[in-house]
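[1] need the 3D shape of this:
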Amino acid sequence: MSDKGKPSFYKKVSKEFPEVINAVEKLGTTLRTAGPLDEKTSHLIQLAAAAAGQSEGSVCSHTRRALQAGASPEEISHALLLLVSTIGFPQTMAAMSWSQKIMEKFMKSKK
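    Model (predicted):
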């Protein structure tokens with residue numbers, strides 16, 4: 001997996017502990033390919049879980065990965081908006097704000 005767009009701290013840890021990062025990334029790939037869900041759907045599900053856990057880093061990561069897998073900004077926003085009745089309005093808005101920053105960077109890089 002490319003380091004493009006990944007946070008500088010992630011890149012630093014990747015250089016310091018390449019075996020660990022490789023194992024984590026391989027596990028993620030194995031889990032996503034273990035069933036019938038496509039990569040985009042898998043990342044949208046993981047994005048929702050990250051939002052529920054209020055993990056800003058994970059929300060950003062799965063927003064980036066969902067975009068790379070072909071999800072549109074509208075699909076990502078809708079996936080997060082669906083969480084209002086499950087995780088609450090404030091938590092959903094926080095996740096949407098983190099995700100929005102990544103989507104804006106992604107869209108600027110496409111121009």
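[2] quick check: the gap between residue 107 and residue 67.
    Separation of residue 107 from residue 67 (Cβ to Cβ, to the nearest Å): 9 Å. For the C-beta atoms, the positions are set from N, CA and C on the backbone; glycine is no exception.
[3] could I have the helix ranked longest in the chain exported to CSV, CA atoms only?
    When the chain is parsed with DSSP state H, its longest helix is helix 89-110. C-alpha atoms of helix 89-110 as CSV (Å, rounded to 0.1, in the frame of the first residue of the first chain):
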residue,chain,number,x,y,z
PHE,A,89,-25.6,14.0,16.6
PRO,A,90,-22.5,15.4,18.2
GLN,A,91,-20.4,12.3,17.5
THR,A,92,-21.6,12.1,14.0
MET,A,93,-20.8,15.8,13.3
ALA,A,94,-17.3,15.3,14.7
ALA,A,95,-16.7,12.3,12.4
MET,A,96,-18.1,14.3,9.4
SER,A,97,-15.8,17.2,10.1
TRP,A,98,-12.8,14.9,10.2
SER,A,99,-13.9,13.2,7.1
GLN,A,100,-14.6,16.5,5.3
LYS,A,101,-11.0,17.6,5.7
ILE,A,102,-9.8,14.5,4.0
MET,A,103,-12.3,14.7,1.2
GLU,A,104,-11.4,18.4,0.5
LYS,A,105,-7.7,17.4,0.3
PHE,A,106,-8.5,14.5,-2.0
MET,A,107,-10.6,16.6,-4.3
LYS,A,108,-8.0,19.3,-4.6
SER,A,109,-5.4,16.6,-5.5
LYS,A,110,-7.6,15.4,-8.3
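[4] tally of neighbours for residue 47?
    Neighbour count of residue 47, defined by other Cβ atoms under 10 Å: 26.
[5] and the residue in the chain sticking out farthest from the centre, how far from residue 9?
    Using Cα atoms, centre = their mean, the residue of the chain lying farthest from its centre is residue 16. It sits 22.7 Å away. Between residue 16 and residue 9 the computed distance is 11 Å (Cβ to Cβ).
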